[in-house]
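Asker: For reference, the sequence and a predicted model appear below.
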Amino acid sequence: MSSFADQLLVLVMLINLIMLGTSRLMFSIRAVAVQGVILGVLPGLIHPFSGHLAGITAGIILAKGVAIPYFIGGAVRKAQIRREVEPFVGYVPTLLLGAIFTALAFVFAERLPLAPEHKDLLFVPASIATLLCGFLILTTRRKAISQVIGYLVMENGIFVFGLLLTEAMPVMVEAGALLDLLVGIFVMGIVINHISREFSSIDTSRLRALKEE
């Protein structure tokens, strides 16, 4: 099971790089949805099956793999945009940075004082790499929707690390983490709506044009 979990984590990291290298927003949304489904499957591979685990798995897949991507896709269709045309940093440099950050994540994970049962797993390097790639998407893209995707990827990285602590994490903490994510997406949706209404664009760099009266 652990080897299959590691293969899924490799796929998660590949999806990070794919999202860094593409300008198509709907493709990025589908990629983050696939990532969410993978994260939903992972708990069942590393922990004994139980009713609680089945409920958490179903909730994660529904939220990360279906509901949130659906709402973001609706925002993209409403804003009538297809691509991130002019990011702050080009796609090739961003992709190279993502590859470097992924390699550094493995180096950093090797130096961490991990529990013996966690040393040979990819959860820690995958979580760090996903967190850093999400941060790259968040900071190098102009479109607010792209930045929401970056936020989702960062949250996925935090979630991967949290999988190592699932046994010690109460249900309410897990539900609270998911609630924080949903609240963050809701707030970002409001921001996107206001930007689109006021500027006929969701390019966040145009906010610099605002001046205090």
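Answerer: Arrived safely.
Asker: what about the residue sitting nearest the centre point of the chain, distance to Ile68?
Answerer: Nearest residue to the geometric centre of the chain (C-alpha atoms, centre = their mean): Val153, 1.2 Å. To Ile68, Val153 is 12 Å away according to C-beta to C-beta, to the nearest Å. To be clear about C-beta, it is placed using only N, CA and C from the backbone, and glycine gets the same treatment.
Asker: Quick check: which ranges of the protein have low pLDDT?
Answerer: Counting by pLDDT under 70, the chain contains low-confidence ranges at 1-2, 115, 117-118, 165-213.
Asker: my guess is Ala99 meets Leu17, correct?
Answerer: Yes. Contact criterion C-beta atoms under 8 Å: Ala99 and Leu17 qualify, at 6.5 Å.
Asker: Would you pull up how far the strand or helix carrying Ile56 lies from the middle of the chain?
Answerer: In this structure, Ile56 sits in helix 51-60 according to DSSP states H and E. Remark: helix 51-60 is offset 19 Å from the chain centroid, using C-alpha atoms, centre = their mean, to the nearest Å.
Asker: same check, this time on stretch 54-67
Answerer: Worked out by C-alpha atoms, centre = their mean, stretch 54-67 lies 14 Å from the chain centre.
Asker: Can you list the buried residues in it?
Answerer: 56-57, 60-61, 63-65, 67 (16 or more other C-beta atoms under 10 Å).
Asker: for stretch 107-115, same thing?
Answerer: Ala109.
Asker: start at 9 instead
Answerer: In the new count, where the first residue is 9, that last one comes out as stretch 115-123.
Asker: neighbouring contacts of that stretch?
Answerer: 132-133, 136 (C-beta atoms under 8 Å, 6 or more residues apart in numbering).
Asker: 6 Å instead, please
Answerer: With C-beta atoms under 6 Å, 6 or more residues apart in numbering as the test, stretch 115-123 has contacts from 132-133.
Asker: mind checking how far that stretch is from the chain centre?
Answerer: The answer for stretch 115-123 is 22 Å, by C-alpha atoms, centre = their mean.
Asker: Pull that stretch out as CSV, backbone CA atoms only.
Answerer: C-alpha atoms of stretch 115-123 as CSV (Å, rounded to 0.1, in the frame of the first residue of the first chain):
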residue,chain,number,x,y,z
VAL,A,115,17.0,17.5,0.2
PHE,A,116,15.2,19.4,3.0
ALA,A,117,13.1,16.4,4.0
GLU,A,118,16.2,14.2,4.3
ARG,A,119,17.5,16.5,7.0
LEU,A,120,14.3,16.6,9.1
PRO,A,121,14.2,14.5,12.3
LEU,A,122,11.3,12.3,11.1
ALA,A,123,9.9,9.3,12.9
